[in-house]
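Asks: the following block contains a protein sequence and its predicted model.
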Amino acid sequence: MQKIMIKGFILTCCVLLSFSSFAQEGSWTGEVVDLDCYVGNGSKGAEHAQCAKSCITSGKPMGLLTEKGDVLLLVAGAKKETLANLAGEKAEVTGKKSTRGGITMIVVSEAKKSG
């Protein structure tokens, strides 16, 4: 009976640990980019900010370009307008980061200008 309880406890711990790896809460810093222009031709920065704002506002997908050069898809929900206004600038994005189908994304809960 004790072996069954230990095995059950270990199994429960493994399951709980595996769930925690799917969504990681935290904050990430980088430039908000519209993915259409960034992926298509590398457009980013202050010189591309107005275009990026227009693209994001019109519904094109957006991402966070980190200082390491990684791009994380931003799922904005109610924060879409805030993120559009931060396009081309360094921003701090808070939310839940997860990976599905090879795409790493952040479901955004907060966003603000950084630095």
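Replies: Done, it's in.
Asks: helix or strand right after the worst-scoring helix or strand of the chain on mean pLDDT?
Replies: Lowest on mean pLDDT, DSSP states H and E among the helices and strands of the chain sits helix 2-20, with a mean of 47. Counting by DSSP states H and E, the element after helix 2-20 in chain order, helix or strand, is strand 24-34.
Asks: tell me the buried residues in that following strand?
Replies: 28, 30-34 (16 or more other C-beta atoms under 10 Å). In short, each C-beta sits where N, CA and C put it, glycine included.
Asks: same question, stretch 47-61
Replies: Buried residues in stretch 47-61 (16+ other C-beta under 10 Å): 48-49, 52-53, 55-56, 61.
Asks: near residue 74, how many other residues are there?
Replies: For residue 74, the neighbour count with other C-beta atoms under 10 Å is 26.
Asks: correction: residue 105
Replies: By other C-beta under 10 Å, neighbour count at residue 105 equals 19.
Asks: which non-adjacent residue is nearest it?
Replies: residue 73 (4.0 Å; C-beta to C-beta, 6 or more residues apart in numbering).
Asks: is that neighbour in a bridge, and if so with what?
Replies: Residue 73 has these beta-bridge partners by DSSP bridges: residue 63, residue 105.
Asks: do residue 99 as well
Replies: residue 104.
Asks: all numbers from here: first residue = 47
Replies: In the new count, where the first residue is 47, that last one comes out as residue 145.
Asks: make sure it is actually in contact with residue 152.
Replies: No. The pair residue 145 / residue 152 is not scored as a contact, 10.7 Å apart, by C-beta atoms under 8 Å.
Asks: who has more neighbours out of these two?
Replies: residue 152 (25 against 14).
Asks: contact partners for the closest residue to residue 132 other than its chain neighbours?
Replies: Using C-beta to C-beta, 6+ apart and skipping residues adjacent in sequence, the residue nearest residue 132 is residue 78, 4.6 Å away. Residue 78 is in contact with 98, 102, 108-111, 120, 129-130, 132-135, 137, 139, 157, counting by C-beta atoms under 8 Å, 6 or more residues apart in numbering.
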